[in-house]
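Undergrad: build me a structure from this.
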Amino acid sequence: MSRNTMYALLAMLGIAAGTLVWRQWSYKRATGTQQALTCILEQTDENPGERIRLLDSIMAAHPDDATIRRVAIYQKLRAHVELRSDSATAVRAINDFLSTDTSGAAFNFASSVYADLAINAPEGLRYAHRALAEVREVKRPRDMSEIQWAQQRRMMVGECHHILGRLYALSGQSRPALAALRAAADSVPDSPVILLRMAEIHERTGQLDSALASYMQALRLSHADTTALAGFARLYPAVHGPAVDPATVLDTLVTHARAKRKADLLAQRISRPAAPFDLTTLAGRQYRLSDFRGKTLVLYFWATWCGPCKRQLPAIQEAHTRLKSHKDIELLTVSFDQHFEVVPPFLARKRYDFPVVPGDESLYKSYLLEGLPTCAVVDSTGTIRFKRLGNSDAGDFMEELGWQLEAVTGKPVW
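TA: Okay, the predicted model is just below:
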């Protein structure tokens, strides 16, 4: 699994949730109410209060539609997290959600809500422990290889430990919080999110050496992270004294970390024929893989319901804008929204102008996608050279895409 995939555990939760919705809804015959629900989610993307009101309305209008109820209740709970709703309201929403889903993933999401809203840590811990226990018992899906399942299971276990650590910290239990976060770091060693939480607890309990070490490790992964930079600047002189210039240490640390990150990224180079496609936009423009022969193609797979995708789209827009000056490199995005008509208004509202075509189940399978977002780089011969699942919350997507394109084209891109 790529480092970006594991970059932030909350992003992973979004990927997992998005994949669940994808599998649940993908390419079944859509009813009018399902389409209406999809439109509600898209149109209220930035208005969670209105989203809750409209979701209540559609559930009231279709009380016997189990799919509508299940998805609406899940989305209502997410909206309450965005609104930072009060404890009583959030707990009611959690209980409603768990009345529709009692899987390990559901308990994990419920416990994350307790952590996000900093409410009722003991109850959150109860759900988090139950989620961890169920994750450990989950069997490998038939359509997943042993290697893929090992990676997915490690990610899930790490996420559970991370939430446990957050809830223990909220309840003032520093030792079990650190133990849970260390277990999370063992499962997901390249997450600055976990490292920063560990650093915070270490610093609060007076363990300055350990706190500084965690801040420095976070900076190796995310050298522009403001929290890690502030922690480093605050603690380095306190731990090592004024003899060494912290700026020099930081520059060396970041230089070495970037070099390693680039080497690790380029080591993930693959050689797999890109599956042919023939896709048409709502406006009637046709895109075929053969149209890009002789050019390098950046393919980005996403959906409007995918939170990690939406966080990365500003970088996709930047890449599209900067690649306009390169005649031999193009970018094409593929949306896996079930109702593609929600995509154009979403793009207009966000002022995105990168090209988007609708994907389908056969394309999803032919590109061996494991979730969204996924970014692939296809060379001029139609061979996939890089493919990465996940969202980078570090803000280094452009740098890493630049490294990939340089490796494929043989020249710097930006």
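Undergrad: so which bits of the longest helix belonging to the chain are buried?
TA: Longest helix in the chain, counting residues (DSSP state H): helix 146-170. By neighbour count with 16 or more other CB atoms under 10 Å, helix 146-170 contains the buried residues 151-170. Quick note: C-beta positions are derived from backbone N, CA and C, even for glycine.
Undergrad: show me where the chain has its strands.
TA: In the chain, the segments counted as strands under DSSP state E are 272-273, 278-280, 286-288, 296-302, 329-335, 356-358, 374-378, 383-389.
Undergrad: in CSV, list those along with mean pLDDT and distance to residue 208.
TA: Below are these laid out as CSV (pLDDT from 0 to 100; distance: least, CB to CB, whole Å):
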stretch, mean pLDDT, distance to residue 208
strand 272-273, 98, 48
strand 278-280, 94, 55
strand 286-288, 97, 55
strand 296-302, 98, 42
strand 329-335, 97, 46
strand 356-358, 97, 49
strand 374-378, 97, 39
strand 383-389, 95, 36
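Undergrad: out of these, which gets nearest to residue 189?
TA: strand 383-389 (17.3 Å; CB to CB).
Undergrad: who touches the closest one?
TA: 1-2, 4-5, 15, 268-274, 367, 369-371, 373-379, 404, 407-408 (CB atoms under 8 Å, 6 or more residues apart in numbering).
Undergrad: so what strands line up beside that strand?
TA: Strand 383-389 has its sheet partners listed here by DSSP bridges as strand 272-273 (antiparallel), strand 374-378 (antiparallel).
Undergrad: okay, the residue nearest to residue 89 when sequence neighbours are not counted: pLDDT?
TA: Nearest non-adjacent residue to residue 89, counting by CB to CB, 6 or more residues apart in numbering: residue 80, 6.4 Å away. pLDDT, residue 80: 97.
Undergrad: and residue 80, how far is that from residue 336?
TA: For residue 80, the distance to residue 336 equals 26 Å [CB to CB, to the nearest Å].
Undergrad: just give me the neighbour total for residue 112.
TA: Neighbour count of residue 112, defined by other CB atoms under 10 Å: 24.
Undergrad: can you check the one 5 residues further on too?
TA: By other CB under 10 Å, 21 other residues sit near residue 117.
Undergrad: my read is that it contacts residue 84, right?
TA: Yes: if you go by CB atoms under 8 Å, residue 117 and residue 84 touch, sitting 6.5 Å apart.
Undergrad: ok so, going back, out of the strands paired with strand 383-389, which gets nearest to residue 280?
TA: In terms of CB to CB, the element of those nearest to residue 280 is strand 374-378, at 19.4 Å.
Undergrad: how far is the closest one from where the chain is centred?
TA: Strand 374-378 sits 16 Å away from the centroid of its parent chain (CA atoms, centre = their mean, to the nearest Å).
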